[in-house]
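# have a look at this fold, sequence not included:
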């Protein structure tokens, strides 16, 4: 019997997320809007049997935003293009529950699932930046609890819309003129706190039934939302201990919501720097550090603190008390930073640098990084990893680490499933109406 | 000097719009969600040097909806995939101003324009079906005048967002770390009746600056909106006389809004049935008619009358008085039908049939159809045509009519421009802020 294997996703982010990332030697400054570059990246990931590519998003900018934030392709149109030039790899796009209609989100994701033949995923975000509200006809970002309540209702509606058509609803018969079985088409008639959606959705149930739902909830409310609705969870996991705590907590919460532990996979984001040897990797790390001035690392950190102006503090004093700044935005990130600051007694300069280019278990020679992956996986702290390369290169990971993990039997040598849900080992999602007809109980 | 040439767009609509269209022999019942079929259609159109493909849309269904409406791909994800498999042809997607945020629409279209390297267009619709409101958290469709006011504000915001970045705003210099020229990034700070949008948009100005704006306004308010905001107008034009009236009217209105007549092209939708000979075309027409039962033609017509139940009337009596039904939806279509009914004293059965499969100038042998195109074009009634094939086949038009028009010098033998805007002979849209700096006045 096949033993459990780890999963890998990769974040495609053009010139790279951090403010300084575009200055790296191998980066084309136009990469964040270059469709050919994105397609090539997705194809390289597919050649390495990576389970999925992931497109993050933000919905507002200021002149201080990172280059990748300033000028990037929109996820759904981008993934439509990638879908048409790949055949096996999953693809996850970000759509905000705060600024989209469930009907639109359900359609675009179902359509992407159809275009990709069962490879779509949705990164569910509630949007954490005040200025995003100002781009979407709202004068203020709703409080975090309201955003989570809206998110839960939004996702609930989207999932119900995806079940509008039972899988065998279409029975086209040109002779009789019958196109579908009307008993297998279901309107929703939803009226909730935030949405009214009658349905049904105007697209057949997609190959996966429900595209894979991603969540990064880190706060208490966020973890509940993730455990209730998510198929795949990323986010926290800077150390093995952090990851293990999160893994156990999220699976416990999922069970409390009536789900099996295997119905949810946890894959923390890690920024890997890999080389043939440890020394070479350390050289790459130092090289990367050289790109990041103090000002740039401050600017990158300040994004998570609602663009708080850190330049007014003395860089060589202890990390300042910034009060509640950022509490309605990236709460878990800012709490993490404050925690490290007080625990390790770091100055602002030290902390900014540490945050810009983290020292993780995943910097090293190929064998070392493979060992780290195996250690985390076997400790029951993760089901896999979501890789980014704001410092290193994804291709180095594919070339150097993937073959080692394959040889160890920890990663697949080829795609084994037909759908993204299958790649992640997630169970199929039966249509709720079909289940009900057969006397069972579907997931809602 | 090159004399003026006609333009052609084609509607890609899977199994076909009318309720009976999917029953035609050559149609695969899954065509409306088959990405490979869409890509092949777009590539065939591109091989014939057609100027653009066009994706219509609807936002709600009932069990009575046409098969293509019941189960179709969403336009933006679909066009992302088509963009990645074509290189010259323009592509127009439908997004409703009633149920989208301008920020989202601006991003998706700019992204599509970037992915396609300057080939995107937007079919601006206000959505005319009450039930669409019920899928988007509204209890009622706003009155037509409100929808048009919202549409005008929406489009105004989208256009302004597209100018957020001046064309030469990005000046990436890895050595200095300067990525862009801050004086060339512009926030919008829009607060209007329907929208608040601060901006700026988080994607560079797209290759066309502004994707091509399509409008089908037919009512008085709709014509004004089209003349004010549209680059390309389709819609009415069932007869040469109708088309000529519309053409003159829309160009007159455009001039009244300070635009040149050449800044707007009129391309009515025509359903062509072409064969090698007139007799063969007539045979195809009769063949098509055989697919359409009386019930099906009623069902198709009733869609435009808010699903009014016509089956309760005697089919062989004169077309019934249905009062105001449909006046807040497809007003111009229903007025047209009523006009024909009273002018020609047609029974319900005759009218339903006539509406299902219209008798137009574009049914005939290849030379005859080419003659009709030339006649309409030279009469100054049209700038081109938007072809559909709910009865005939687009490929027949490409194979039989296009070469004749090319030989006559009325249609290009190859693409001559780099962008969709260029294909249509429309002037470039300079960035308003660049124009203002240089002392001119941009289009807003």
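Received the coordinates, thanks. Keep in mind that this is a model prediction, so the values were computed, not measured. Numbering: from 1, shown residues only, chains lettered A, B, ... in the order given.
# just the helices in the stretch 101-250 of chain A please.
For the stretch 101-250 of chain A, the helices defined by DSSP state H, counting those that start in this stretch cover A:102-115, A:130-133, A:144-162, A:220-229, A:240-256.
# just the ones you listed: most buried one?
Among those, helix A:102-115 has the highest mean neighbour count (mean count of other Cβ atoms under 10 Å in any protein chain shown), at a mean of 28. From N, CA and C alone the C-beta is placed, and that goes for glycine too.
# turn the helices of the stretch 101-250 of chain A into a markdown table, columns for distance to residue A:339 and mean pLDDT.
A markdown table is the format used below for the helices of the stretch 101-250 of chain A (distance: least, Cβ to Cβ, whole Å; pLDDT from 0 to 100):
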| stretch | distance to residue A:339 | mean pLDDT |
| --- | --- | --- |
| helix A:102-115 | 34 | 98 |
| helix A:130-133 | 24 | 95 |
| helix A:144-162 | 19 | 95 |
| helix A:220-229 | 16 | 89 |
| helix A:240-256 | 10 | 94 |
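# can you redo those helices as JSON lines with distance to residue A:333?
As requested, the helices of the stretch 101-250 of chain A are exported to JSON lines (distance: least, Cβ to Cβ, whole Å):
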{"stretch": "helix A:102-115", "distance to residue A:333": "25"}
{"stretch": "helix A:130-133", "distance to residue A:333": "16"}
{"stretch": "helix A:144-162", "distance to residue A:333": "13"}
{"stretch": "helix A:220-229", "distance to residue A:333": "12"}
{"stretch": "helix A:240-256", "distance to residue A:333": "13"}
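# those helices: which one's closest to chain B?
Among the helices of the stretch 101-250 of chain A, the nearest to chain B by Cβ to the nearest Cβ is helix A:102-115 (3.9 Å).
# angle of that closest one against helix B:102-115?
Compare the direction of helix A:102-115 with that of helix B:102-115 by axes from the mean of the first three to the mean of the last three Cα atoms, to 10 degrees and you get 20 degrees.
# for chain B, see how far away residue A:88 is.
Noted for residue A:88: a distance of 16 Å to chain B, by Cβ to the nearest Cβ, to the nearest Å.
# kindly apply the preceding question to residue A:187 instead.
According to Cβ to the nearest Cβ, residue A:187 and chain B sit 9 Å apart.
# secondary structure class for the residue in the stretch 51-200 of chain A positioned nearest to chain B?
Closest contact between the stretch 51-200 of chain A and chain B, by Cβ to the nearest Cβ, is at residue A:80 (2.4 Å). At residue A:80 the chain is in helix, as set by DSSP: H, G, I helix; E, B strand; the rest coil.
# the helix or strand hosting residue A:301 packs against which elements?
Taking DSSP states H and E as the definition, residue A:301 sits inside helix A:294-304. Counting contacts by 3 or more Cβ pairs under 8 Å, 6 or more residues apart in numbering or on different chains; DSSP states H and E, helix A:294-304 is packed against helix A:331-344, helix A:348-356.
# what's the most buried one of those helices?
Greatest burial across those, using mean count of other Cβ under 10 Å, falls to helix A:348-356, with a mean of 20.
# what's opposite residue A:196 in the beta bridge?
Counting by DSSP bridges, residue A:196 is bridged to residue A:191.
# pLDDT value on it, please?
What the model reports as pLDDT for residue A:196 is 98.
# quick check: buried residues in the helix holding residue A:301?
Within helix A:294-304, the residues scored as buried using 16 or more other Cβ atoms under 10 Å in any protein chain shown are A:296, A:297, A:298, A:299, A:300, A:301, A:302, A:303, A:304.
# what is the nearest of those to chain B?
Closest to chain B, out of all of the buried residues of helix A:294-304 and judged by Cβ to the nearest Cβ, is residue A:296, at 7.3 Å.
# report how many residues lie close to the nearest residue in space to the closest one that is not next to it in sequence.
If the residues on either side of it in the chain are set aside, residue A:296 comes closest to residue A:20, at 4.3 Å by Cβ to Cβ, 6 or more residues apart in numbering or on different chains. For residue A:20, the number of neighbouring residues by other Cβ atoms under 10 Å in any protein chain shown comes to 25.
# next: residue A:324.
Residue A:324, neighbours per other Cβ under 10 Å, totals 8.
# wait, what's in contact with the residue nearest to residue A:296?
Residues in contact with residue A:20 (Cβ atoms under 8 Å, 6 or more residues apart in numbering or on different chains) are A:291, A:292, A:293, A:296, A:297, A:300, A:356, B:177.
# contact residues of the stretch 201-350 of chain A facing chain B?
A:202, A:203, A:204, A:293, A:296 (Cβ under 8 Å from any Cβ of the partner chain).
# are any of those buried, and if so which?
By neighbour count, with 16+ other Cβ under 10 Å, those hold A:202, A:203, A:204, A:296 as buried.
# these into CSV, with extra columns for pLDDT?
CSV is the format used below for these (pLDDT from 0 to 100):
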residue, pLDDT
A:202, 98
A:203, 98
A:204, 98
A:296, 81
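# between those residues, which sits nearest residue B:132?
Among these, residue A:202 lies closest to residue B:132 (Cβ to Cβ), at 10.1 Å.
# need the contact list for that closest one.
Going by Cβ under 8 Å, 6+ apart, residue A:202 touches A:107, B:58, B:59, B:60, B:61, B:65, B:69, B:70, B:71, B:72.
# thinking the first one is in contact with residue B:72, fair?
No: under the criterion of Cβ atoms under 8 Å, residue A:107 is not in contact with residue B:72, lying 9.3 Å apart.
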